Structure formats: structure tokens, C-alpha cells
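> Quick one, structure for this:
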Amino acid sequence: MTNTDIDALARLLDGDLPDEEATAEARELSAFAQALESAARPPAVRMERKADLRAMLVEAAREQAAPPTWMLRMRSAAGDATARWRYSMRTAAATGAAALALSSGGVALATHRATPSDPFYAVKLTIEDIRVAFIGDQVARGRQLLSYVEQRLAEAEASAAVGDMAAARHALQEADASSRAAAGYIIRASQEQGDPTLLELLTTFSTLQRERISSLLPLLSGDARLAARDAMVALARIDQRVAVLSGPCTACDDIAGSSAGTGRARRNRDRQVQDAAVGGADFDMSFIPPASQPFSPCDCVTAPSPAAKGEAAGTSKDAKNAGGGKVDGNKAREPADEPADDPNPLPDPNPPDDPGHEDPVRSVREPVDEVEDGVDELIDDILGKPTPTPLPTPSLPTPSLPGGSPVPDVEVPDIKLP
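Here you go, the predicted model:
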């Protein structure tokens, strides 16, 4: 290109030269430069999605980190709820990255095949958590979590086949947590909709997963084997809860009848209604605690010790009955004895004013506050106004005089203006 062509191209790019006056080569270069500029400019972001994204993420934070309503369970499970919230969201930074990854097929594809021993496995789990949080229907959310449990078990089987017990343990722990969360969503939807047929999803799921874990147990050792037994405990507890919700509970009927002032046992009463009549809102039927915490099929059955030997091994009578979808009518249906009030209760070793006393409500609430602030900042960064990438300035050829002689440098005198 000559100096005239370069000058014409510059004027064409600035809009000072009409297209018809420029050469064909200059017009082609101008069109190419405009195409590069359009490609370098990020697409416009729909800012109205910012409020929706923040609301969904914060709702998921509150739902997963909210303290249990039952006071006894709240005190024993506050640490687990806080840990689960931090574990499921992985950190506020990872949450923002996952939200951005949802719109990027390349990132999602790169993490799709990550295994528990891969560094991108945490990102994969975070993307799954965000996807679940964006599902509004509780049954659909539970189904999605059940599909993730199947993926986790497949990962555990593959890891155990190559002798990677750490990866198998990680996958089984994820499967345990996801199965209990899925059961909670489906049970809650069944109670709210008054549709006990939804519980059949959990019965079919627990039967299939119990067979897979039983086949996997001989390949496991150490902590991986313990994680598999904990997952079996979760399945047994889900079966027991489903059995109570699917049919009449005579013990609860007797308690409900006596509290209403009548001695008549309501044997044909649906357990969906009994939950509100007997325990009210104090007993959350949708909450399935982990194996390390006590569990009761309903609030008229005394909770056994955490992770009882028979329950963990899957050989107890209750666990066997749970596998068939039934609860022992003589043992599990008996009402628990009301504990007598202690006339001289012992003082609390850690009163609320004691600096060493940890309030379970506060310990759960603080992470939510922190995440709300973190989500706001991250969404502002992700959905903020993008800064276009500047186009590189092309280097122009050095002009030369006829004959190949370079253009001499001419000193320009410094002229002081008045």
C-alpha cells in the first residue's frame, strides 16, 4: 500500500471519506477492521437478569442454611447445616464462576467429565448446585438431585475399580447428601400437595441404589467403606419416613385422639394429616439427618442413638423392614414416653451470655449474610458493563523516498506561543 492508500484507509475508518471515493482495497480493509471491532465487543448483558440471579442464589442459600425448626434438632444439626451450606456453594467466588459458566458451554463441557480426584470436580459440583437452585418445582428439583446421586454412584464405582478410595469416599459422601436433600424436596411436595403417590419415587430410588451400594461394598475399604454404610443408613431412613407417610400410624392416631379430648383411635386417618395434628410444625418430616445424628420416623417414636451399629450395618430389624417399605407395627408405632421435668435442672455449662456459647441460629445465619454480600459483588462484576477490548494498532510501513533512501529526521524547533 502507498502512503495515499494508508491515508485514505484512515479517513475511511474515521468516516471522513465516502465509500465511493475509496479504492476497493481500502473498502475491504475497512470492512475487515469493522468486523474485528464487532467481534471484540462483548455482547450486551440483559441487566434485568441481575435481580433474578441474585434472588435465586440467595434463596438457595437461605433454604440450605436455614436452621431446623425443631429445637432439639436445631441444636444437634446446626453445625451440619452450616457445613452443608458452605460445602454445597463451595465459596462465593465459585458461585459467581458457576453462574457465569452456565452461559458458557465450553466451561460446562470442560468440567462435565471431571472425576472426584480431578481439580475441576468442585466446579462441576458447584454448577450442579446452581442448576438445582434455578429449578422452581420441588418435585423436579428432587428428581434432578436423584439423577445426580446416580452420577455420584457411577463415579464411586469407577474410582473403586481402580483402587482410588479417597475419590470413592468423596463421591459416596456427595451421593449421601444429595439423596437426603432429594428426599426432603419430594416429601415436602407430597405433604403440600396431599399426594402420597409422589413418595413412590423415593421407594423405587432407594431400592435400586441399595443394590448398587451393596455390590460396591466388597471393593471398598477404610473411610470409603464407612461412607458407603452412611449412604445405606440414609436410604434406610428415607424408607422408614416414606413408610410412615404412606399409611396410617396407630400410635399417632392414639395421641391425636387423646389430645382432641376423644378416646377414639383414628386408624384410617392419613399420615399426611396426622403430621399437622400431632407434631404441628415442630417436627419436620422432610428433614432426613445424616447417619451421625439421631433419627425418628415420626415424632411419636423415640430417636435411637446416632449411627447405631445395627442401622449402620443395615442388619437391624427397622432397617430390614425399611427395605420392604414397612415399619415394625409393634416397635416403631409405640408412642414415646414423655420425659418428666427435672425439679432441679443442672445449669447450662455455657449460658447464652458466656463468650464460649455458640448460638446455632447465629452460626447458621452469619454465612448467609456473608454470601448475600458476596453474591451482590460477584453479580455486579459478572453482569456489570463490559469494557470493550481495544483493537491493536497496526504498524504502518515506514515511508521512503524514491530510490530507496530513507526519509531523514527533521528537527522541529520548539516555538513558544505568546
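
> who's in contact with residue 213?
153, 172, 228, 231, 232, 235 (CB atoms under 8 Å, 6 or more residues apart in numbering). All C-beta atoms are positioned from the backbone trio N, CA, C, and that covers glycine.

> Inside helices: which ones of those?
153, 172, 228, 231, 232, 235 (DSSP state H).

> I figured the second one was touching residue 231, is that so?
To tie it back to what came earlier, the one meant is residue 172. Yes. Between residue 172 and residue 231 there is a contact under CB atoms under 8 Å: 5.4 Å.

> would you list the ones in helices among the contacts of residue 213 in JSON lines and tack on pLDDT and neighbour count?
Output for the ones in helices among the contacts of residue 213, formatted as JSON lines (pLDDT from 0 to 100; neighbours: other CB atoms under 10 Å):
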{"residue": "153", "pLDDT": "94", "neighbour count": "23"}
{"residue": "172", "pLDDT": "95", "neighbour count": "30"}
{"residue": "228", "pLDDT": "94", "neighbour count": "26"}
{"residue": "231", "pLDDT": "94", "neighbour count": "30"}
{"residue": "232", "pLDDT": "94", "neighbour count": "25"}
{"residue": "235", "pLDDT": "94", "neighbour count": "27"}
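
> Next, format those as JSON lines and append distance to residue 134.
Below are the ones in helices among the contacts of residue 213 laid out as JSON lines (distance: CB to CB, whole Å):
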{"residue": "153", "distance to residue 134": "24"}
{"residue": "172", "distance to residue 134": "26"}
{"residue": "228", "distance to residue 134": "31"}
{"residue": "231", "distance to residue 134": "26"}
{"residue": "232", "distance to residue 134": "31"}
{"residue": "235", "distance to residue 134": "27"}
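
> How about the secondary structure of residue 287?
coil (DSSP: H, G, I helix; E, B strand; the rest coil).

> and which of the contacts of residue 213 is nearest to residue 126?
Within these, the smallest distance to residue 126 is 19.0 Å, found for residue 172 (CB to CB).

> excluding its backbone neighbours, what's nearest the closest one?
Nearest residue to residue 172, sequence neighbours excluded (CB to CB, 6 or more residues apart in numbering): residue 227, at 3.9 Å.

> do the same with residue 180
That would be residue 288: by CB to CB, 6+ apart, it lies 4.2 Å from residue 180.

> Show the contacting residues for the one you found.
Residue 288 touches 180, 183, 184, 234, 237, 238, 241, 295, counting by CB under 8 Å, 6+ apart.

> repeat for residue 13
Applying CB under 8 Å, 6+ apart, the residues contacting residue 13 are 30, 33.

> what about it, which helix or strand?
Using DSSP states H and E, residue 13 sits in helix 3-14.

> Could I get the average pLDDT for that helix?
Mean pLDDT, computed over helix 3-14, is 72.

> and the nearest residue to residue 188 once chain neighbours are set aside, what is it in contact with?
Nearest residue to residue 188 in three dimensions, chain neighbours excluded: residue 286, at 4.1 Å (CB to CB, 6+ apart). Going by CB under 8 Å, 6+ apart, residue 286 touches 183, 184, 185, 187, 188, 191.

> looking at those, which has the most residues close by?
Counting neighbours by other CB atoms under 10 Å, residue 183 leads the contacts of residue 286 with 28 neighbours.

> Just list the residues touching that one, thanks.
Per CB under 8 Å, 6+ apart, neighbours of residue 183: 142, 202, 238, 241, 286, 288.

> quick one: least confident of the residues you listed?
residue 286 (86).

> Let me see the backbone angles for it.
phi -80, psi -10 (degrees, to the nearest 10).

> One more: the one 5 residues further on?
The phi/psi pair for residue 291 (degrees, to the nearest 10) reads phi -60, psi -20.

> Test my guess that it contacts residue 229.
Yes. Counting by CB under 8 Å, residue 291 touches residue 229, with 7.5 Å between them.

> can you tell me how far the residue nearest to residue 172 sits from residue 18?
74 Å (CB to CB, to the nearest Å).

> Looking only at neighbour counts, state which of these two leads.
residue 227 (24 against 9).

> Contact partners for the more buried one?
168, 169, 172, 173, 176.

> quick check, nearest of those to residue 206?
residue 176 (12.3 Å).

> List phi and psi for the closest one.
phi -60, psi -50.

> cool, and residue 164?
phi -90, psi 90.

> Could you check how far it is from residue 238?
On the measure of CB to CB, residue 164 and residue 238 end up 28 Å apart.

> Also residue 20?
76 Å.

> same thing with residue 135?
20 Å.

> do the same with residue 208
For residue 208, the distance to residue 238 - CB to CB - is 12 Å.

> Please apply the same query to residue 299.
Counting by CB to CB, the gap from residue 299 to residue 238 is 17 Å.

> ditto for residue 195
17 Å.

> repeat for residue 144
17 Å.

> do the same with residue 192
In terms of CB to CB, residue 192 sits 18 Å off from residue 238.

> just residue 172 next, same as before
From residue 172 to residue 238 the distance is 16 Å (CB to CB).

> Helix or strand for the spatially closest residue to residue 219 that is not a sequence neighbour, just tell me which one.
Excluding the flanking residues, the one nearest residue 219 by CB to CB, 6+ apart is residue 160, at 4.2 Å. Residue 160 is part of helix 138-161 when elements are defined by DSSP H and E.

> and that helix, what does it pack onto?
helix 121-133, helix 165-193, helix 200-216, helix 223-246 (3 or more CB pairs under 8 Å, 6 or more residues apart in numbering; DSSP states H and E).

> In space, what's closest to residue 195 - neighbours in sequence excluded?
Looking at residue 195 with CB to CB, 6+ apart, the closest residue is residue 189, at 7.8 Å.

> I'd say the one you found and residue 138 touch.
Yes. If you go by CB under 8 Å, residue 189 and residue 138 touch, sitting 4.0 Å apart.

> residue ranges with poor pLDDT in the chain?
For the chain, residues meeting the criterion pLDDT under 70 lie at 1, 9, 12, 32, 35-111, 248-282, 300-418.

> Can I get stretch 291-301 as CSV, trimmed to CA atoms?
C-alpha atoms of stretch 291-301 as CSV (Å, rounded to 0.1, in the frame of the first residue of the first chain):
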residue,chain,number,x,y,z
ALA,A,291,-26.0,-41.1,60.0
SER,A,292,-24.1,-39.2,62.6
GLN,A,293,-27.3,-37.7,64.1
PRO,A,294,-30.3,-39.2,65.8
PHE,A,295,-33.4,-40.0,63.7
SER,A,296,-37.1,-40.8,64.2
PRO,A,297,-39.5,-41.9,61.5
CYS,A,298,-42.1,-39.6,63.2
ASP,A,299,-42.4,-37.6,66.4
CYS,A,300,-44.2,-40.5,68.3
VAL,A,301,-41.1,-42.7,68.0
